[in-house]
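Novice: quick one, fold the following:
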Amino acid sequence: MTARDPCHEELTEIVAAVDRAGDLTKQLLTFSRRQATNARPIAIDQVVASTEQMLRRLIREDIQLTTEFEPDVGYVRADRGQIEQVLLNLVINARDAMPNGGALRIAVGVVDVAAAVNDIQREPLPHKHVCLSVADSGHGMDAQTASHIFEPFFTTKGVGEGTGLGLAIVYGIVQQAGGMIDVETDVGRGTTFRVYFPRLAAVDPAEVAVHAGDAGSLLFGSETILVAEDDDHLRTLIAHALRKAGYGVLEGSNGEEVLSIARNYAAAIHLLLADVVMPRMSGPVVAERVLAMHAETRVLFMSGHSEDAVAGFGIDGAAPFIYKPFTMDGLLMKVRETLESPQDDWPLVV
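Specialist: A predicted model of the protein is given here:
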């Protein structure tokens, strides 16, 4: 469909609304600490650099954005999507604090820290940390307001202008990553948020390389993938995206159908993409039985259920996993990552 098509604008708005709904779902799950995460070594300075153009579009033209990175910042272990969410929420908060324009500075550096000065809810964590700071020249806050900003549903914005979850979500993500957050503010003098993440002393180059390559090359392949998903519409979308990316695709809507396909398919099945929760037979049980027939098969689980619910099926953080809702590009990258990971790095937990 071209941009001139009369339905293009309406469909674009529909897609944007779906994306917003997906983002809200992820935020609510993060807030309740029930969202499955994909923690891995990431470079926060690279996250900021790669999202800078998007951030510039997010703020107004009367706000001057500058970024500053120390050399050799290193890596932290966190979920990249959640770090992007932290950055996005802090930038939105800074933008809204400068209705008449101003300056916004994002910096990344390495610091030795015992405890964040104003992080009254956390114990000291002596360690070398990567510090992400977001500073604005906005109206600032008094001490009373600042003492409540991480509380759920607390907001200084008008009705309909904010959910009061933005900073609470930031705080939850930072805690989940083992970090701390500090705020320095004063009325009329702006606000600076500093987020501290434990810096990794060492990283596996292979683990970093899987995610540091050209994203375009991670979207295509030629292997055979067996999709186990009971939602017909979602399974059709997934199968279409995989075929378009060059993969051979087999489809099953329930455990019995998937096992029948595996039993009668003589060639290699390189990957089983399985929903965790399906009627009559769960994804992990299906995976165990498929592996008994096809030892070469790797497994990637997917689910929209909470982390606790997924763990109830015997899946922990070691098993390759992607949580719903996801984009097709995100799925294709995770498929490629699972297929290319070293054999010992993809345990099946059932």
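Novice: every contact and neighbour count from this point should use C-alpha atoms.
Specialist: Noted.
Novice: quick one: mean pLDDT for stretch 229-242?
Specialist: Throughout stretch 229-242, pLDDT has a mean value of 91.
Novice: for stretch 298-313, same thing?
Specialist: Mean pLDDT, stretch 298-313: 80.
Novice: now that stretch: buried residues?
Specialist: Across stretch 298-313, burial judged by 16 or more other Cα atoms under 10 Å covers 298-307, 309-310, 313.
Novice: show me those residues that map onto strands.
Specialist: Those of the buried residues of stretch 298-313 mapping onto strands are R298, V299, L300, F301, M302, S303, per DSSP state E.
Novice: which of the helices or strands spans K128?
Specialist: strand 127-136 (DSSP states H and E).
Novice: list the neighbouring strands of that strand plus their orientation.
Specialist: Sheet pairing here is set by DSSP bridges, and for strand 127-136 it gives strand 102-113 (antiparallel), strand 191-198 (antiparallel).
Novice: now the residue nearest to E84 when sequence neighbours are not counted: which helix or strand?
Specialist: Of all residues not flanking E84 in the chain, V47 sits nearest, at 7.0 Å (Cα to Cα, 6 or more residues apart in numbering). Assessed by DSSP H and E, V47 sits inside helix 44-58.
Novice: could you check the pLDDT of T12?
Specialist: Here the pLDDT value assigned to T12 is 67.
Novice: still on that earlier bit, got the buried residues for the helix holding V47?
Specialist: By 16+ other Cα under 10 Å, the buried positions in helix 44-58 come out as I44, D45, V48, E52, L55.
Novice: ok, the residues you listed vs D182, which is closest?
Specialist: The closest of the buried residues of helix 44-58 to D182 turns out to be I44 (Cα to Cα; 17.2 Å).
Novice: in contact with that closest one, which residues are there?
Specialist: By Cα atoms under 8 Å, 6 or more residues apart in numbering, I44 lies in contact with Y75, V76, I83, V108, V130, L132.
Novice: re the thing from before, what's the closest of the buried residues of stretch 298-313 to M180?
Specialist: M180 lies nearest to E307 out of the buried residues of stretch 298-313, by Cα to Cα, at 22.3 Å.
Novice: tell me the SS of L65?
Specialist: Assigned with DSSP: H, G, I helix; E, B strand; the rest coil, L65 falls in the strand class.
Novice: from what I can see it touches R56, true?
Specialist: Yes - with contact defined as Cα atoms under 8 Å, L65 counts as touching R56 (7.2 Å).
Novice: out of the helices and strands in the protein, which is least certain?
Specialist: helix 205-212 (a mean of 56; mean pLDDT, DSSP states H and E).
Novice: give the next helix or strand downstream of it.
Specialist: For helix 205-212, the following helix or strand on the C-terminal side (DSSP H and E) is strand 224-228.
Novice: contact partners of the very next helix or strand once past that next one?
Specialist: As assigned by DSSP H and E, the chain's next helix or strand after strand 224-228 is helix 232-244. Residues from elsewhere that reach helix 232-244 (Cα under 8 Å, 6+ apart): V227, A228, E229, G248, V249, E251, S253, M328, L332.
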